[in-house]
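A.B. asks: mind looking at a prediction? Sequence and model below.
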Amino acid sequence: MRIAIAEDYDELSEMAAHATAEYINNNPETLICLAAGDTPLGMLEILVDMHRHKEVDLSTVYYAGLDEWVGLGPEDIGSCAKVMSDAFYNPAGIPKDRIHVFDGLDKDIDKQCRSMEAWISHHGGIGFTLLGIGMNGHIGFNEPGTPDTKGCFSVKLDNTTKTVSAKYFGKSRPVSTGMTIGWRTLLDAQTGIIMASGELKAPIVKAAVEE
Ligand code: GLP
């Protein structure tokens, strides 16, 4: 593990975008797992810009959405699917058949999980993960105390996660469950980045690194 500290959010975004582009350039047919959330938005914008300038080709790789709020669909403001379509997949013009995300509106959560697992295994596992970390230390929706589990599953959301979720929806929504790729499957990726930004995240980053 390597820890890199950036001067500010812009430098963090540049560093993450260039590391991701370098991985894609070296592994043009790999499966990339992308977290939604606020932290990667800057790096995604840079990555799309690099794609437009032909410094990286984002259309050769495959994508897996890391997680989703159960009850929110791809048109709902704040859903991981919508955040990623608006910030990345649409502006980069990624063909739909290269993207697989959880559908938070499907009542059959188990089917959603099996379908994501099949997508990951069809591509020989995840090559690269671009992850964030929640205020309670969650990665995806692997909440504190989630076992070291392979595959995908649904999770009862932690109170911190429910409180923080209002920032994505522009209002409070009664979310209680999430779907996520499991921590063990993420750790099995060839390589990846966990991004964190801002003073508020400092204590949890320290705990995650040291504990
Ligand atoms: C969210 C998502 C994660 C995200 C994390 C950090 O709840 N489930 O995928 O990486 O929390 O989000 P942010 O970057 O907005 O702080």
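C.D. replies: Structure received.
A.B. asks: can you tell me if stretch 98-115 touches the ligand.
C.D. replies: No. Applying Cβ under 6 Å from any ligand atom, one finds stretch 98-115 out of contact with the ligand, separated by at least 11.2 Å. Glycine gets a C-beta too; all of them are placed from N, C-alpha and C.
A.B. asks: measure residue 64 to the ligand for me?
C.D. replies: Distance, residue 64 to the ligand, by Cβ to the nearest ligand atom, to the nearest Å: 12 Å.
A.B. asks: contacts only, for the closest residue to that residue other than its chain neighbours.
C.D. replies: Excluding its sequence neighbours, the residue lying closest to residue 64 (Cβ to Cβ, 6 or more residues apart in numbering) is residue 33, at 4.7 Å. Listed by Cβ atoms under 8 Å, 6 or more residues apart in numbering, the contact set of residue 33 reads 63-66, 126, 128-131, 181, 186, 189, 192.
A.B. asks: mind redoing it with 6 Å?
C.D. replies: Contacts for residue 33 (Cβ atoms under 6 Å, 6 or more residues apart in numbering) come out as 64, 66, 126, 129.
A.B. asks: ok, those residues vs the ligand, which is closest?
C.D. replies: Taking Cβ to the nearest ligand atom as the measure, the ligand lies nearest residue 66 of the contacts of residue 33, at 5.2 Å.
A.B. asks: need phi/psi at the closest one.
C.D. replies: phi -70, psi -40 (degrees, to the nearest 10).
A.B. asks: ok, back up a step: the residue nearest to residue 64 and the ligand: what is the separation?
C.D. replies: Here residue 33 is placed at a distance of 10 Å from the ligand (Cβ to the nearest ligand atom).
A.B. asks: A helix includes that residue, no?
C.D. replies: No. Counting by DSSP: H, G, I helix; E, B strand; the rest coil, residue 33 is not found in a helix; it is strand.
A.B. asks: quick check: beta-bridge partners of it?
C.D. replies: residue 64, residue 129 (DSSP bridges).
A.B. asks: how close does it get to residue 117?
C.D. replies: Distance from residue 33 to residue 117, counting by Cβ to Cβ, to the nearest Å: 13 Å.
A.B. asks: quick one, phi psi at the spatially most central residue of the chain?
C.D. replies: By Cα atoms, centre = their mean, the chain has its centre lying nearest to residue 35, at 1.0 Å. Dihedral pair for residue 35: phi -80, psi 140, per degrees, to the nearest 10.
A.B. asks: which of the contacts of residue 33 sits closest to residue 155?
C.D. replies: residue 66 (12.5 Å; Cβ to Cβ).
A.B. asks: pLDDT at the closest residue to residue 60 other than its chain neighbours, what is it?
C.D. replies: With sequence-adjacent residues excluded and distances taken as Cβ to Cβ, 6+ apart, residue 60 is closest to residue 28, at 4.3 Å. Looking at residue 28, its pLDDT reads 96.
A.B. asks: with the one 5 residues further on instead?
C.D. replies: Residue 33 is assigned 98 on the pLDDT scale.
A.B. asks: same check on residue 146?
C.D. replies: 85.
A.B. asks: let's see the helix or strand containing residue 207 as PDB, backbone CA atoms only.
C.D. replies: Under the criterion of DSSP states H and E, residue 207 resides in helix 202-210. C-alpha atoms of helix 202-210 as PDB (Å, rounded to 0.1, in the frame of the first residue of the first chain):
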ATOM      1  CA  ALA A 202      -9.100  12.900   8.400                       C
ATOM      2  CA  PRO A 203     -10.000  10.900  11.600                       C
ATOM      3  CA  ILE A 204     -11.500   8.000   9.600                       C
ATOM      4  CA  VAL A 205      -8.600   7.900   7.200                       C
ATOM      5  CA  LYS A 206      -6.200   7.800  10.100                       C
ATOM      6  CA  ALA A 207      -8.200   5.000  11.700                       C
ATOM      7  CA  ALA A 208      -8.500   3.100   8.500                       C
ATOM      8  CA  VAL A 209      -4.800   3.200   7.800                       C
ATOM      9  CA  GLU A 210      -3.600   2.500  11.300                       C
END
